[in-house]
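In: pasting the sequence and the predicted model now:
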Amino acid sequence: MRILVTGASGFVGSLLVPRLCADGHEVRALGRDRERVRRALARTHPVPQRDDVELVRADVLSTAGLARALADVEVAYYLIHSMERASNGDSPFPERERLGAENFAAAATRAGVRRIVYLGGLTPRRDAPAAAAGCEAGIEADANVSRHLASREQVERVLLAAIPDSLALRASIVIGARSRSFRLLVHLVERLPVLTLPAWQALRTQPIDARDVIEMLVACATARPPRNSLDVGGPDVLTYGEMLTRIAELMLVNRPALTLGVNLTAVTARVAAAIAGEDPALVLPLMEGLQGDLLPAQDHAAELLGVRLHSFDAAVEHALAEWLQSEPLAAR
């Protein structure tokens, strides 16, 4: 099968490309910068410039190169989600996200693509405790959703409406060495002698191992689940505070925790960005999404897609081991 992977230089895309190749697919890897894609794949693909990967340059905003990239493609993975700071005169990222999705959907339809597979994000639900207890999919999402998560929902709607056989997976935190959310948590553990946690530390989610996400995405190329959108999560329900504590324990460092009674999201995001060495414009949208539990509906996605899930501890240990292969951990 000929498959296009957009966002091939990103965390998920660069892991997905070699996994699809291992299954014998003809893979076309798309990025705005071919050299950046080549470098990313060199970290995950033992032999870069393999004949089984075709590197193509295209831009979903300008549409340059899209027609060529989608030619003769059966399944296209849409893994583009940018929260980068807008340049002078550019639209805010939700508008750029919508436009990019619309351009890609239209080009994929013209090219005769059979299926688009999208990785989006979970949104807070009004009855998240009920969802955790076993409610079925289709629960109404909370209207008070952050720009970041609302943008992902909008992109999903655009893509699924364009090609009816398309599939979307929705995840919260993906645990992997290059996951921006995971790296933020690790840097906070590394650099804070006391974990000073806002009120959102009590919110719950189900982080998922990157290896499990990749296997689910691979399965989506051919799977026929009963719904077009599936919530995915790992087997462990954890609060953000518990996640940080477990990461500290697995890193073998002692980090006492101090809980604040307020969130102060704008201030907290800037402080966390400064501590972690991240751009506040990237951290703020992530923290704006912490308005409620991010728990998947009981879609039984892992069972439907034939994936056996790793525990949170196993996911963190694997991610930390990969991290150490390319850079040191300051806390060790």
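Out: Everything's here; your move. Residues are numbered from 1 along each chain as shown.
In: make sure Ala168 is actually in contact with Arg227.
Out: No. Using CB atoms under 8 Å, Ala168 is not in contact with Arg227, being 9.4 Å away. For every residue, glycine as well, the C-beta is placed using N, CA and C.
In: the two: which has the busier surroundings?
Out: Neighbours per residue (other CB atoms under 10 Å) separate Ala168 from Arg227, with Ala168 holding more: 23 against 14.
In: secondary structure class of the more buried one, three-state.
Out: Ala168 falls in the strand class when you classify it by DSSP: H, G, I helix; E, B strand; the rest coil.
In: where does pLDDT dip in the protein?
Out: Where the chain drops to pLDDT under 70, the residues are 45-51, 82-91, 125-145, 258, 260-291, 330-332.
In: helices of that one, start to end?
Out: All helices of the chain, identified by DSSP state H, fall at 11-22, 34-44, 66-70, 93-111, 128-133, 147-162, 180-191, 210-219, 240-250, 265-276, 280-288, 301-305, 312-326.
In: nearest to Ala76, of those?
Out: Ala76 sits nearest to helix 93-111 of all the helices of the chain, at 5.6 Å, using CB to CB.
In: same for the closest one, what does it pack against?
Out: For helix 93-111, the elements it packs on are helix 66-70, strand 75-78, strand 115-121, helix 147-162, judged by 3 or more CB pairs under 8 Å, 6 or more residues apart in numbering; DSSP states H and E.
In: which of these is buried the deepest?
Out: Highest mean neighbour count of the helices and strands packed on helix 93-111: strand 75-78, a mean of 27 (counted as mean count of other CB atoms under 10 Å).
In: got a list of what Ser172 touches?
Out: Applying CB atoms under 8 Å, 6 or more residues apart in numbering to Ser172 gives the contacts Gly121, Leu122, Thr205, Gln206, Pro207, Ile208, Gly233, Leu294, Pro296.
In: ok, how many other residues are close to Ser179?
Out: Per other CB under 10 Å, the neighbour tally for Ser179 reads 19.
In: from what I can see Val37 touches Arg43, true?
Out: No. With contact defined as CB under 8 Å, Val37 and Arg43 do not form a contacting pair (11.2 Å).
In: those two: which has the busier surroundings?
Out: Per other CB under 10 Å, whichever of Val37 and Arg43 has more neighbours is Val37, with 26 against 15.
In: mind checking how far that one is from Glu317?
Out: Distance, Val37 to Glu317, by CB to CB, to the nearest Å: 29 Å.
In: cool, and Gly121?
Out: Computed with CB to CB, the distance linking Gly121 and Glu317 is 25 Å.
In: just the buried residues of stretch 306-313, please?
Out: Val307, Leu309, His310, Phe312 (16 or more other CB atoms under 10 Å).
In: quick one: contacts for the third one?
Out: By that I understand His310. Asp209, Arg211, Asp212, Gly234, His318.
In: which pair of these spans the longest distance?
Out: Using CB to CB, the contacts of His310 reach their maximum pairwise distance at Gly234 and His318, which is 12.4 Å.
In: now the common contact residues for those two.
Out: Joint contacts of Gly234 and His318 (CB under 8 Å, 6+ apart) are Asp209, His310.
In: neighbour count: those two, which is higher?
Out: Neighbour totals were compared for Gly234 and His318, and Gly234 leads with 26 against 17 (other CB under 10 Å).
In: wouldn't the more buried one be in contact with Ala210 here?
Out: No. Look at Gly234 against Ala210 with CB under 8 Å: they stay out of range, at 10.6 Å.
In: list residues touching both of those two?
Out: Common neighbours of Gly234 and Ala210 (CB under 8 Å, 6+ apart) are Ile175, Ala315.
In: now the contacts of Ser172 as JSON lines including distance to Ile80?
Out: Shown next, in JSON lines, are the contacts of Ser172 (distance: CB to CB, whole Å):
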{"residue": "Gly121", "distance to Ile80": "13"}
{"residue": "Leu122", "distance to Ile80": "18"}
{"residue": "Thr205", "distance to Ile80": "23"}
{"residue": "Gln206", "distance to Ile80": "24"}
{"residue": "Pro207", "distance to Ile80": "22"}
{"residue": "Ile208", "distance to Ile80": "20"}
{"residue": "Gly233", "distance to Ile80": "22"}
{"residue": "Leu294", "distance to Ile80": "21"}
{"residue": "Pro296", "distance to Ile80": "22"}
